[in-house]
Each structure stands twice: as structure tokens, then as C-alpha cells.
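K.L.:
Sequence plus predicted model, see below.
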Amino acid sequence: MWVRRLTFVLIAVIAMPAAARIPSLAAAAPAVTVAQGTEPASLDAFQEISRSGYNVTLHVYDPLFMRSENGAIVPMLATGYKIVSPTTWQFSLRRGVRFHNGEPFDANAVKFTFDHDLLKESAQNYLLNGVKEVRVIDPYTVQVITADPMPLLLFNLTLVGIMPPRYYQAQGASFVATHPVGTGPYRFQSWVKDDRLTLTANPAYWGGAPRIRTLVFRLIPDASARVAALRTGEADIITDFPPDLASSVQGSPQIQVETTKGTRSINIMLDTGAGPLRDKRVRQALNYAVDKETIVKKLLGGFGTVEATLVPATYLGVNPLLKPYPYDPAKAKSLLAEAGYPNGFSTVFQSPRGRYLADAEVSQAAVGYLKAVGVNAELRYFEWGNYVNMYFKHQLGPIFLIGSASAALDAGDALENVSCGVWDSWYCNPGIQARYLKARSTLDPARRAGLYREIQPLIFDEAPTIFMYTQQGIYGVNKRLDWTPRADETLWLAKAAVK
């Protein structure tokens, strides 16, 4: 399990293995192929926000810290940190590291990255929202000053890849989006859009050369096609293994299906400022209209847990007393009539295809349930790159399916999707927002959890989304690999090996 508590003390960090302990590149295995349902929207770390994209960029761009397999915070480009005051964090940086183009890594690179992420046009702004200033103390020491206490800062930094200032400023964002340069264990080689992306091992990596020489990330949106690629050896790892096909590879000498406990919340977001969805009774009706238990059982093969709010059961601050909206189409029709829509209404339902476990099928089922109570939703599917771009630009809606996960396993991250003034929220309640901001800036985890638990009944009643489920991770893995999937969905292959 991930570490779920952060106290106001210096947290020890785990030393990375010495480079000498890692096999040389000459002894590395030739290639490993990963098939995902989507490809990155961009290779610019400032703009890529999806987990499937992060699984690629993480191998190119190192963050300051990272999660280990058991959930501990481990140093990457930072060697340690200390909390100087409730609003001041100080980070010590790794020396002697260079970007793939030879540019030195130092405190200026960290400041450049953080300052850029603080810009409103950066998709990663939400990770550092609340940072007031980034100070360079010396070439290998940086201080981050926040407006209010930010207990989740360290966890958020695991998602922030450090960029090379000179290269980025000289080449520009559009070039970097397809020609990334970082300090990571792999260097960019090529990208054939809508097909595959290839990375090659960095022999000069500060952590030692990876065991696998080449990583190929293939785009295979169709889940059955991903399984076929795994069977034929065209792929070594596939994500979102279709539950209905799991039994078909049982007993296979070369394939195994592995599952992880879920941390990704899948929900149907509602634009609460649009038409009928402005009325709380309509939003509650939609929650009663969709049979989430049947969706999880039939479409996810039971690889999911129906939730009462946006907060998964594994997160700090979940309210265990809340029970999910039951499936009650009669109640849904009654609430619609009460709100002035006895004959329902028409709307648009948007969905990705291939990004989440059975996402297209889940969206289709949800549209069917809505139609049964009079809400006629036109279902529109989008390619993931376009979908995530529309999400960032706040162009999705009035109804759309999206997944979210927290690097900190903290309810504050989940509840951001229904907070005020952020790009990933279509809802705002000033009264709830005041409570949310107080909770999110509370350093003591027990007090923070208590405040989150108080907020969730209010969110449940307001029903700003159709609360759905937390999905489990399901992977297909070639048995020749020495690699274990992680609960946080991170595909970290720098330490993987071929047996």
C-alpha cells in the first residue's frame, strides 16, 4: 500500500541503488513492447497529464521524487528535503546529472520547471497550485514557498518531470512536444503517431543503465487486439486486459494476468452550469438512473468497487458511512418530474475509447440507463489525444466520462474535481469550497481526514457527478519479464528485466 500519512517532520528517503549494481547496457535485453489503449497527447512534460502518457514521459523526464513499488517516497533528482516552516520546503539536488543533450541539471532547471508549471496555460498547473515562489539558494538547493501549507506538495512532485531550460527555450514547446529531452533512464528515439513510440536506454543514466535496451509503446485501442498482440509475442505488457478474456489465457505457458488494487476513480461528470443539470434534483435523478453494480459486475467482470462519492475507499479521508446511490429508476423519474422534466430531456454524452477499462462499453450502458428514464443522451466517442485536450480546455460536456487518481491517495485530490476555479471541475459551491480549502491546507493528516469526511455528505447530496466506481488494474504480462505491476498504474520499466 502507498504511504498515506505525511506528518510535519523530515521524512527519511531511501537511497537509490548504486550504478555499479545495475547491469551494463551491453548486457541489456534487446526490446520490450508495451501496448496501451491510448498514446500520449504530447511528450512535453508541461502538457501531458494522463497516466498513460506519464508512463512514457516518466522514462524520459525524472521527477525530484518518485513512489517505490511499496509506496514509499524515494529520491530521484532530489536527494532529500526538509520542511523549514509550514509554508517553506527546501530540496537538496543530485549533483553531476546531465540532460540527454548534455545540458547540466541544477537548481535553475528546477526553478524553470516549477515556474512554468505555475503558468495558467500549463496543464500541470494543478500540481503546484498554491506555490507562491521558487527560490534558488545555490546551484543544488531550492526552496519552495507556498501561500498556505501544502501537505500534498511532496506527492504532487512525483508527477512533475524536470525540463532542460536552455533546450526548451531554444527549441520551443511545439518541437519539444515531439522531441523530448530529459535526464531519465531512456532517451527519445522516434514516434510514429497512432502507431508506436520508441525509447532507447540512456547508458549515462545517473542510476545506472537500464536492463532493457529498447522500450516500445504501441497504441492498440481495441482491447481484444491488445490480447492478440500479447498472444503472438508482439507485446510483452498490455494494460486494461479485458475481464471477459482473462479465462482464455488461463494456463498459458507464456502469459499471465495480474491485477492490482484500484486507485483510479471513474465517474460521469456533469456540467452543473448547463441546462437541466443546473438543478440538483436532475443530477440526483441521474445517479439513481444508472445501475453501477451491474456495470461493475457485467462489464468489468467484478474488477471494480462502486463508490458513494469521488473518493475511493483506499484514500485518506474517505467517509465510510456514505452508501452509494442505489439503482432506482422510479425515483429517478419522480425527481425529473419534480424538477420540471416529466418527459426527460436530450443532451450529449462524451466518452473516450480505450483509455479506461471497458470505457466505451460503460458509456454505452450508462446512456441506455439514462434513456430508460427519459434522458436521451447522444453518445460521442473521441480519440484520447483530442479528448484530453478538450478536457484541459474545459470543452467537454454536458455529460462525459473521465477517470482520476491521486498521487497522494488523499481525498483532497479527488474532491478537486468538484471545487471552484480549476480547469478539471464543472461545479462550484462557495460554501463547500471554503471547507475544502481549509481541509486541503491542514498539515495533520487525522484532522485533514476528518474535514474531508464532513465535506463528502454535502457533495453526495449535491450530486455534481454520477458517482461510479474505482477500477482495478488488470495487466497481461509475458512471463519472460521480471516485472510486477503497481497499484498506482505507473509502468516503471527502468528496473525491469528479461528472465
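P.N.:
Perfect, I can see it now.

K.L.:
How far off centre is stretch 372-379?
P.N.:
In terms of CA atoms, centre = their mean, to the nearest Å, the gap separating the centre of stretch 372-379 from the centre of its chain is 29 Å.

K.L.:
which residues are in contact with it?
P.N.:
Here stretch 372-379 makes contact (CB atoms under 8 Å, 6 or more residues apart in numbering) with 285-286, 289, 329, 332-333, 336, 341-351, 363-364, 367, 370-371, 399. Bear in mind the C-beta positions are built from the backbone N, C-alpha and C, glycine included.

K.L.:
Using CSV, write out every CA atom in that stretch.
P.N.:
Taking C-alpha atoms only, stretch 372-379 is exported to CSV below (Å, rounded to 0.1, in the frame of the first residue of the first chain):
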residue,chain,number,x,y,z
ALA,A,372,-34.8,4.3,-19.7
VAL,A,373,-35.8,7.3,-17.5
GLY,A,374,-36.3,9.7,-20.4
VAL,A,375,-32.9,11.3,-20.8
ASN,A,376,-31.9,10.9,-24.4
ALA,A,377,-28.1,11.3,-24.5
GLU,A,378,-26.3,11.3,-27.8
LEU,A,379,-23.1,9.2,-27.3
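
K.L.:
hang on, R435 in a strand?
P.N.:
No - R435: not assigned to a strand; according to DSSP: H, G, I helix; E, B strand; the rest coil it is helix.

K.L.:
Output the longest helix belonging to this protein.
P.N.:
helix 445-462 (DSSP state H).

K.L.:
contacts for that helix?
P.N.:
4-7, 151, 280, 283-284, 308-311, 316-319, 322, 410-412, 415, 418, 427, 429, 431-432, 435-436, 438-440, 442, 467.

K.L.:
So how do I select the buried members of the residues you listed in ChimeraX?
P.N.:
The ChimeraX command for the buried members of those (criterion: 16 or more other CB atoms under 10 Å) is given here:
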select :6,151,283,284,308,309,310,311,316,317,318,319,322,410,411,412,415,418,427,429,432,435,436,439,440,442,467
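
K.L.:
quick check: domain ranges of this structure?
P.N.:
If you go by automatic domain parsing, the domain ranges for the chain are 29-38+184-254+479-499, 62-95+104-162, 261-472.

K.L.:
Tabulate these (a markdown table), appending mean pLDDT and distance to Y54.
P.N.:
Formatted as a markdown table, the domains of the chain follow (pLDDT from 0 to 100; distance: least, CB to CB, whole Å):
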| stretch | mean pLDDT | distance to Y54 |
| --- | --- | --- |
| domain 29-38+184-254+479-499 | 94 | 8 |
| domain 62-95+104-162 | 95 | 7 |
| domain 261-472 | 96 | 10 |
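
K.L.:
now those in CSV, with distance to S50?
P.N.:
CSV is the format used below for those (distance: least, CB to CB, whole Å):
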stretch, distance to S50
domain 29-38+184-254+479-499, 7
domain 62-95+104-162, 10
domain 261-472, 5
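
K.L.:
just checking, next helix/strand downstream of the longest helix of the chain?
P.N.:
Note on helix 445-462: by DSSP states H and E, the next helix or strand toward the C-terminus is strand 465-478.

K.L.:
how distant is the next helix-or-strand element following that next one from the center of its chain?
P.N.:
The first helix or strand that comes after strand 465-478 along the chain, using DSSP H and E, is strand 481-482. Centroid separation for strand 481-482 versus its chain: 24 Å, with CA atoms, centre = their mean.

K.L.:
Which elements pack onto strand 481-482?
P.N.:
Applying 3 or more CB pairs under 8 Å, 6 or more residues apart in numbering; DSSP states H and E, one finds that strand 481-482 makes contact with strand 497-498.

K.L.:
in its sheet, what does the strand it packs on sit against?
P.N.:
strand 481-482 (antiparallel) (DSSP bridges).

K.L.:
what's in contact with the strand it pairs with?
P.N.:
V32, D236, I237, A496, A497, V498, K499.

K.L.:
Scan the residues you listed and report the most crowded one.
P.N.:
D236 (26 neighbours; other CB atoms under 10 Å).

K.L.:
In this structure that one contacts P30, no?
P.N.:
No - counting by CB atoms under 8 Å, P30 is not a contact partner of D236; they are 11.4 Å apart.

K.L.:
right, so of the domains of the chain, which gets closest to A45?
P.N.:
A45 lies closest to domain 62-95+104-162 among the domains of the chain, at 3.7 Å (CB to CB).

K.L.:
Need the distance between the two termini of that closest one.
P.N.:
This stretch, domain 62-95+104-162, spans 6 Å end to end (CA to CA, to the nearest Å).

K.L.:
Give the closest residue to L119 in space, chain neighbours not counted.
P.N.:
N125 (6.7 Å; CB to CB, 6 or more residues apart in numbering).

K.L.:
swap in R51?
P.N.:
Per CB to CB, 6+ apart, closest to R51 is E489, 5.0 Å.

K.L.:
do the same with P30
P.N.:
Going by CB to CB, 6+ apart, P30 has R213 as its nearest residue, at 5.6 Å.
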